[in-house]
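K.L.:
A structural model of the following input is requested.
(chains A and B)
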Amino acid sequence: MDFPEELKYTEEHEWIMIEGDIATIGITDFAQEQLGDIVFVELPEVGDILEAGKNLGVVESVKAVSDVYAPLSGEVVEINEELPDEPETLNNSPYESGWMIKIKVADSAALDNLLDVAAYQEFVETD
Amino acid sequence: MITTEGRGLILDEKLLFEQSQVGRVGYSIAALDVPDVTPDRSLVREEIADFPELSEVDVVRHYTRLSTWNYGVDTGFYPLGSCTMKYNPKVNEVAARLSGFADIHPLAPESFNQGALELMYNLQRDLGEISGFPAITLQPAAGAHGEFAGMLMIRTWHESKGQKRNKVIIPDTAHGTNPASAALCGYEVITVASDGILSKEAVAAVMDDDVAALMVTNPNTLGLFEADIREICDLVHERGGLVYSDGANLNALMGISRPGDIGIDVMHFNLHKTFSTPHGGGGPGSGPVGVVEKLQPFLPVPFVVKGDDGYKLEYDCPESIGRLKSFYGHFAILVRAYSYILSMGGEGLNRATELAVLNANYIRARLEGAYDLPNQQRSLHDVVFSEDGLPNDCHTLDVAKRLIDYGYHPPTIYFPLVVHGALMIEPTETESKQTIDEFCDAMLAIAEEAKNSPELLKQAPVRAKVKRLDEATAARKPKLRWNG
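P.N.:
Next comes the predicted model:
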C-alpha cells in the first residue's frame, strides 16, 4: 500500500498536502481499499466554511456509505469537479487525480495535530 | 457431503417489450352504447411508443415465470441478519382475508367496523403487554417511520417543557436508520464507540444538557444484549434526556424481557420481523411505537379507545404530534400480526424467542473456528462473523455469492460497519435443526473451498439466473430503461 512521504495524514484516513496556506485533501490508499469500489462522491461547494472534525462530504462504495471529515478548519477554495462524475478515480488514483478539495487553512497551528507518514503507517498497522 | 449438483431450475424469459406482437390484445370491450365523443386534441397522445401488445396468457406466464426467479421464506432458508426473515404462517393470510377485515371501507361509520377497531384495540393492548409500554400507536408504516414517530414525540415532549435540546447520542452498533431518523427530527447526531457493548462511561462522556435522547438498538446489531442498559437509562434520565430503543431485534427479547421495564421511554416494533408479517417485497411493513405514560399525550392521532358504546377512533388529543399516515396504518398487516400473537399465545412467543437464540448460538458453535468471530460475548438472535482469516484473497462478498450456488439466500454482509467484512447470520426460530445443519455444512464446505479452490468463490454464483453482477458499474452508470 502506498503512503507518500510528503503528505500529512489523519486517523480518519485522509491525506493532506500543504502548500503555503492551501491544503489539498483526499482519502488514502488504505481508505479506498477498505471501502471497495467507490460509486458516489459528494463534495462541499467552493466558499463553504469547514470546521475541523465536521463532515466535508460523503463517499459511497458498493459496501457502505462513509462520511469524510474535515481534517482542518478553513474555507473551500477549489473542488475536484470531475470526481462526482468519475468516482472510480478515488480507487485508481487516490493521491493525484482523486484529490477531493482544496481549502484555505484558517489556523496553521492546527497542522501540528496531523500525523506524519510513519505515525499513520503505524496507526494503519495496529488498527 | 453437500454439493451444488442437481440444484437448478431456471426458466428463461424475455421482457414484455420483446414479446410484443402488433395487434395482440388481452381484452374485449363491449359494444359502444353511449354517444361518441372526440376529446380535445391537447388530451390525445398521437402515438404510444413501443407499448407492449400482449394477450392475457402472455402476461400471466410472464409474471409466473419471473416469480420462479424469486427467493423468499417460502422457498428456503433466508438467514438475512437483522431482518428476522421468519416464516409467515398461512393462518395469518386466512385471517387477513376474512370479509369483515378485507372488505370494509376506512371511511365507513365506526359502528360498521367494530370488529376491525376491536382488533386494533386488542393489538395495542397486546403489544403493550409484550413490551411493557402503557400506550401504543399502530400508525407508522414501517420501522424507520416508527423511529421518526418516536423521535418526534421525544422532541415534542422536550418542547412542551420549554427545553431546546439539539443532540442525540447513537452508539456505533445501532441500526443504520437511527441517525437518519434523528437528523430528520432536527437533531445533531453524536456517535459513540461501543466496543461491542455500550458502556455507561462512554455515554456519560458525551451526555449533557443539550442531549435530547439516546437511541439504542437492543440487542444491538452485533446480536449482543446491552448488559448495562438499565444503568445507562438511569444516567440519561438523570440528565433530563429520554431513551429510544430500536425494537428491530425484539425477536431476541419477546416474552423474556420487556424494554418498558428496563427504563426505555420509546420503542418501535417491526411487525414484519418479530410478528411474522411479510418482509421485503412481500410487505408492506408496519412499525407500531410504544411509549411511557408521560409521552402518551403526544401519540399520533387517531388511536383506538374503548368507550361505553363500543370502540372508536380517538382524535381529541391537543398535544398529539398529529397524523403520520393515511387512515390507520397498514391495517391488513395488523390483522396478520394479531393472528400471530393469538395463534402463538404467551408461552408460544416465549418459546419462539428461546429457539431463535438457541438457533443463532448453534450456528455460532458450528462455524466458530472456520470463520472469525470478532466478539466473544454470548450471542442472542444473530451471530456476526468477520472476513479476517479468509485465505487466498477471498472476501465476505465471495462467501455470500458462493452460498447462492448452495441454494441459500446470503446473510447480511458488510453490516454492521464496526466489523471488518461482516457476515451477519440470523436463522430465526422457524428453522429445523436439519435445515440449520445443512446450511452450516454449506458454510463449512465454502471455508474449505476458500483454502483449496478459491476460484469457486471468485466465480460464484454459477448456479443462478445471473452470474456475478458488476455492482460497481451498475451503481456508477445505471441503465434505468430497457432500450434507453
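K.L.:
burial of residue 95, as a residue count?
P.N.:
Just going to use chain A. For residue A:95, the neighbour count with other C-beta atoms under 10 Å in any protein chain shown is 19. Bear in mind the C-beta positions are built from the backbone N, C-alpha and C, glycine included.
K.L.:
should've been chain B
P.N.:
For residue B:95, using other C-beta under 10 Å, the count is 21.
K.L.:
And what about it, helix, strand or coil?
P.N.:
With DSSP: H, G, I helix; E, B strand; the rest coil as the basis, residue B:95 sits in helix.
K.L.:
residues in chain B within reach of chain A, list them.
P.N.:
By C-beta under 8 Å from any C-beta of the partner chain, the residues of chain B that approach chain A are B:414-415, B:417, B:471-472, B:475-476.
K.L.:
And what about residue A:18, helix, strand or coil?
P.N.:
Going by three-state DSSP: residue A:18 is strand.
K.L.:
Would you mind listing where the chain has pLDDT under the threshold?
P.N.:
The chain I'm using is chain A. By pLDDT under 70, the weakly predicted segments of chain A are A:127.
K.L.:
try again with chain B
P.N.:
B:1, B:3-10, B:282, B:484.
K.L.:
Quick check: residue B:401 touching residue B:460?
P.N.:
Yes - counting by C-beta atoms under 8 Å, residue B:460 is a contact partner of residue B:401 at 4.1 Å.
K.L.:
Need the overlap of contacts for those two.
P.N.:
In terms of C-beta atoms under 8 Å, 6 or more residues apart in numbering or on different chains, residue B:401 and residue B:460 are both contacted by the residues residue B:468.
K.L.:
from the middle of its chain, how far away would stretch B:280-293 be?
P.N.:
9 Å (C-alpha atoms, centre = their mean, to the nearest Å).
K.L.:
Pull out the buried positions in it.
P.N.:
The neighbour-count check on stretch B:280-293 (16 or more other C-beta atoms under 10 Å in any protein chain shown) flags B:285-292 as buried.
K.L.:
cool, stretch A:115-122 as well?
P.N.:
A:115, A:120.
K.L.:
So residue B:317 sits against residue B:297, correct?
P.N.:
Yes - counting by C-beta under 8 Å, residue B:297 is a contact partner of residue B:317 at 6.6 Å.
K.L.:
May I have the biggest helix by length in chain A as PDB, with CA atoms only?
P.N.:
As assigned by DSSP state H, the longest helix anywhere in chain A is helix A:117-126. What follows is helix A:117-126, C-alpha atoms only, in PDB (Å, rounded to 0.1, in the frame of the first residue of the first chain):
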ATOM      1  CA  VAL A 117       3.700   9.100   7.300                       C
ATOM      2  CA  ALA A 118       5.400   7.000   9.900                       C
ATOM      3  CA  ALA A 119       2.700   7.700  12.500                       C
ATOM      4  CA  TYR A 120      -0.100   7.000  10.000                       C
ATOM      5  CA  GLN A 121       1.500   3.800   8.900                       C
ATOM      6  CA  GLU A 122       1.800   2.600  12.400                       C
ATOM      7  CA  PHE A 123      -1.900   3.500  13.000                       C
ATOM      8  CA  VAL A 124      -3.000   1.500  10.000                       C
ATOM      9  CA  GLU A 125      -1.000  -1.500  11.000                       C
ATOM     10  CA  THR A 126      -2.200  -1.500  14.600                       C
END
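K.L.:
elements contacting it?
P.N.:
When contacts are defined as 3 or more C-beta pairs under 8 Å, 6 or more residues apart in numbering or on different chains; DSSP states H and E, helix A:117-126 packs onto strand A:8-9.
K.L.:
Would you mind measuring from residue B:164 to chain A?
P.N.:
The spacing between residue B:164 and chain A, counted by C-beta to the nearest C-beta, to the nearest Å, is 21 Å.
K.L.:
which SS class is that residue?
P.N.:
Under three-state DSSP, residue B:164 falls in the coil class.
K.L.:
likewise the one 5 residues further on?
P.N.:
Following three-state DSSP, residue B:169 is assigned to strand.
K.L.:
swap in residue B:313?
P.N.:
Per three-state DSSP, residue B:313 ends up strand.
K.L.:
I figured it hits residue B:306, correct?
P.N.:
No - using C-beta under 8 Å, residue B:313 makes no contact with residue B:306, being 11.5 Å away.
K.L.:
could I have stretch B:122-131 exported to CSV, CA atoms only?
P.N.:
Only the C-alpha atoms of stretch B:122-131 are listed here, as CSV (Å, rounded to 0.1, in the frame of the first residue of the first chain):
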residue,chain,number,x,y,z
ASN,B,122,-56.5,-5.6,21.3
LEU,B,123,-53.3,-5.4,19.3
GLN,B,124,-52.4,-2.1,21.0
ARG,B,125,-53.1,-3.8,24.3
ASP,B,126,-51.1,-7.0,23.5
LEU,B,127,-48.1,-5.1,22.1
GLY,B,128,-48.2,-3.0,25.2
GLU,B,129,-48.1,-6.1,27.4
ILE,B,130,-45.3,-7.7,25.4
SER,B,131,-43.1,-4.6,25.6
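K.L.:
how far is the longest helix of chain A from where the chain is centred?
P.N.:
Distance, stretch centre to chain centre, for helix A:117-126: 16 Å (C-alpha atoms, centre = their mean).
K.L.:
Identify the residues contacting it?
P.N.:
Defining contact as C-beta under 8 Å, 6+ apart, one finds that helix A:117-126 is touched by A:1, A:3-5, A:7, A:9-11, A:28, A:30, A:115.
K.L.:
can I get those residues in TSV with secondary structure and distance to residue B:360?
P.N.:
Formatted as TSV, those follow (DSSP: H, G, I helix; E, B strand; the rest coil; distance: C-beta to C-beta, whole Å):
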residue	secondary structure	distance to residue B:360
A:1	coil	36
A:3	coil	40
A:4	coil	45
A:5	coil	48
A:7	coil	45
A:9	strand	39
A:10	coil	37
A:11	coil	34
A:28	coil	36
A:30	helix	33
A:115	strand	40
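K.L.:
would CSV of the residues you listed with distance to chain B be doable?
P.N.:
Compiled in CSV, the contacts of helix A:117-126 are given as follows (distance: C-beta to the nearest C-beta, whole Å):
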residue, distance to chain B
A:1, 15
A:3, 20
A:4, 25
A:5, 27
A:7, 25
A:9, 20
A:10, 16
A:11, 12
A:28, 17
A:30, 13
A:115, 19
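K.L.:
now these in JSON lines, with distance to residue B:332?
P.N.:
JSON lines is the format used below for the contacts of helix A:117-126 (distance: C-beta to C-beta, whole Å):
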{"residue": "A:1", "distance to residue B:332": "54"}
{"residue": "A:3", "distance to residue B:332": "57"}
{"residue": "A:4", "distance to residue B:332": "60"}
{"residue": "A:5", "distance to residue B:332": "64"}
{"residue": "A:7", "distance to residue B:332": "58"}
{"residue": "A:9", "distance to residue B:332": "55"}
{"residue": "A:10", "distance to residue B:332": "51"}
{"residue": "A:11", "distance to residue B:332": "50"}
{"residue": "A:28", "distance to residue B:332": "51"}
{"residue": "A:30", "distance to residue B:332": "50"}
{"residue": "A:115", "distance to residue B:332": "57"}
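K.L.:
In stretch B:321-337, which of the residues would be classed as buried?
P.N.:
Under the neighbour-count criterion of 16+ other C-beta under 10 Å, stretch B:321-337 has B:321, B:324-325, B:328-337 buried.
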